[in-house]
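Novice: I would like to see how this sequence folds:
(chains A and B)
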Amino acid sequence: MIEKISRRRMIASLGTGAGGLLLSGCDRITRSAGFQAVQSAAQDLTMGLQRLVIDRGALAREFDAADMSPVFRTNGNVMPVSASYQAHAASAFADWRLVVDGLVARPLSLSLDRIRRLPARTQITRHDCVEGWSAIGKWTGVPLKLLLHGAGLRSQARYIVFHCADDFGGNPYYESIDLVDAFHPQTILAWAMNDRPLEIGHGAPLRLRVERQLGYKHAKFVMRVEAVESLAAIGLGKGGYWEDRVGYQWYAGI
Amino acid sequence: MPVTADAPDEEVEIEEAAPPEPRGGDIVYRHRASTRIWHWLNALTIFVMLMSGMMIFNAHPRLYWGEYGANPDRAWLVLSSTRAAPAFPGWATIPTSYNLAGARSWHFLFAWLLVVPGLLYWTWSFWNRHIQRDLAPTRDEISPRHIWQDIKDHARLRFPTGPAARHYNILQKASYLGILFFLLPLIVLTGLTLSPGMDAAWPWLLDLFGGRQSARSLHFIAAALIAGFILVHLVMVVLAGPINEIRSMITGRYRLPREKP
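Specialist: Numbering: from 1, shown residues only, chains lettered A, B, ... in the order given. Below is the predicted model of the structure:
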């Protein structure tokens, strides 16, 4: 009821030409359950339509070396605080293992050396932050689909979750994508950037690249890849740290 | 279908056939229902888009040309923006205080209300010949002499009266056509270019605008021009007689200004 009144008031204030000055009601609408349901429906519509328009295999543009950003800035966490991560970082991830588990027939535990010897893909792509900036860099890594094939993804699996070593105030970072993006040829777990081993600030030892979505989907410091049927039991259930905490859209193709 | 298609023609026939020609003080039917509905929907939509857009801009208040652009790169526009003192103040943004996720939700929800009714209005207005008949300039109107005369009349706040006020003048036609066929398509297409998903589907968007960061700059410039249009539009409504103008956009009926003696 409260939402209805404030929405009506908002429309009335605009309709009488009062302009945008009387829109304090918008903040209440933003927080209201009704508006969140509407915007979540609009989000589903947007994702549905984008999935219809964007071919499954359509590639994000790949650039030439001459197009690369002179400096590729870092953002988010640039050094995970956990003791175990820092120990791995100190030993150049020599004893570190990537775990691939969940709804798979053969869970994997792979050393960084082993991952580097797997077939790799190199791509020069544009990284788009949700804030608005873009940087072009060169990424080399193992296509995610090779790992999923290797582990034998079970047919119930719907999402791939990336568990990360970094956290915000004790809440670990995680992200998730669906199988359309998981099996996309440009979706890789990158271990090199700009022809050098991936730096800690950019997510060493592995960073997810999911090139048709915004930067917050590109999880850094990936420790574990988990195949799941539903996102409900992961984190707060919305499929990612920022999705849970501040309400970023799970589908970040827009 | 033929019934609805014929309806506007009938209205015009009645107007044209009615002798004598309406004079200053007469009420004429000026705005079709499609124009009135779209106008008021846009009055809401454009404000939400501008205000949520300004909040999104606050998250990274720098603009660049080219494919890439981030803090280490050269920006052509840099505004100072902090949580305490954002580039665009809270009274101008949706939501009021820093909330990029919320602003994106508003922006993408109302984008549907901008694009879908906009495309319907486009189609409908060609179909009912609103664009060809009311908005397309005549040969006389595009002569430099006529345009200059119209600019001088506007500058002196001398607005058309009597039968001349039944039609849009050339500056109005140019503004409405510019919004309808240049700024709105530009702002929608540059907005789509900001979507990494759409760039994969339609890479020609990147070529059309010279890269994602150029598209972001053009998106901002188009928004500023639309805001400028709204400002001038509101000033003109006030100067031309706000009651009569607003009533004509609600009921469609407009009282022709009386001829000056």
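Novice: for the residue of the stretch 101-250 of chain B found nearest chain A, which residues are in contact?
Specialist: Going by C-beta to the nearest C-beta, chain A is nearest to B:Gly197 of the stretch 101-250 of chain B, at 2.9 Å. Using the backbone N, CA and C atoms, a C-beta is placed for each residue, glycine as well. For B:Gly197, the contacting residues are A:Gln50, A:Ile54, A:Arg212, A:Gln213, A:Gly253, A:Ile254, by C-beta atoms under 8 Å, 6 or more residues apart in numbering or on different chains.
Novice: could you do A:Trp133 as well?
Specialist: Contacts of A:Trp133 (C-beta under 8 Å, 6+ apart): A:Arg73, B:His60, B:Arg62, B:Gly69, B:Ala70, B:Asn71, B:Gln213.
Novice: how about 7 Å then?
Specialist: For A:Trp133, the contacting residues are B:His60, B:Gly69, B:Ala70, B:Asn71, by C-beta atoms under 7 Å, 6 or more residues apart in numbering or on different chains.
Novice: and the second one, how many neighbours?
Specialist: Looking back up the chat, that one is B:Gly69. Residues lying near B:Gly69 (other C-beta atoms under 10 Å in any protein chain shown) number 27.
Novice: do the third one as well
Specialist: Under the neighbour criterion other C-beta under 10 Å, B:Ala70 is assigned a count of 23.
Novice: excluding its backbone neighbours, what's nearest it?
Specialist: A:Trp133 (3.9 Å; C-beta to C-beta, 6 or more residues apart in numbering or on different chains).
Novice: how about that neighbour, phi and psi?
Specialist: Reported as degrees, to the nearest 10, the phi and psi values for A:Trp133 are phi -90, psi 160.
Novice: before we move on, the earlier item: against B:Ser97, how distant is the residue of the stretch 101-250 of chain B closest to chain A?
Specialist: 29 Å (C-beta to C-beta, to the nearest Å).
Novice: what's the closest residue to chain B within chain A in contact with, if anything?
Specialist: Distance from chain B to each residue of chain A (C-beta to the nearest C-beta) is smallest for A:Gly253, at 2.9 Å. Counting by C-beta under 7 Å, 6+ apart, A:Gly253 touches A:Gln50, A:Arg212, A:Gln213, B:Ser195, B:Pro196, B:Gly197.
Novice: ok, 8 Å please
Specialist: Listed by C-beta under 8 Å, 6+ apart, the contact set of A:Gly253 reads A:Met47, A:Gln50, A:Ile54, A:Arg212, A:Gln213, A:Leu214, B:Ser195, B:Pro196, B:Gly197, B:Met198.
Novice: now swap in A:Tyr159 and tell me
Specialist: By C-beta under 8 Å, 6+ apart, the neighbours of A:Tyr159 are A:Ser176, A:Ile177, A:Asp178, A:Leu179, A:Ala227, A:Val228, A:Glu229, A:Ser230, A:Leu231, A:Gly239.
Novice: please tell me how far the second one sits from A:Trp139.
Specialist: This points to A:Ile177. For A:Ile177, the distance to A:Trp139 - C-beta to C-beta - is 16 Å.
Novice: secondary structure element for B:Pro95, which one?
Specialist: Following DSSP states H and E, there is no helix or strand that holds B:Pro95.
Novice: hmm, back to that, the contacts of B:Gly197 in helices, which ones?
Specialist: Among the contacts of B:Gly197, the members found in helices (DSSP state H) are A:Gln50.
Novice: can you show me the helices along the chain?
Specialist: Just so you know, I chose chain A. Going by DSSP H, chain A shows helices at A:2-15, A:25-31, A:33-53, A:83-90, A:112-117, A:144-151, A:179-182, A:241-246.
Novice: should've been chain B
Specialist: B:2-17, B:33-59, B:100-127, B:130, B:144-155, B:170-178, B:184-193, B:196-201, B:204-209, B:212-240, B:242-251.
Novice: among those helices, which is the most enclosed?
Specialist: Most buried of those, by mean neighbour count (mean count of other C-beta atoms under 10 Å in any protein chain shown): helix B:196-201, with a mean of 24.
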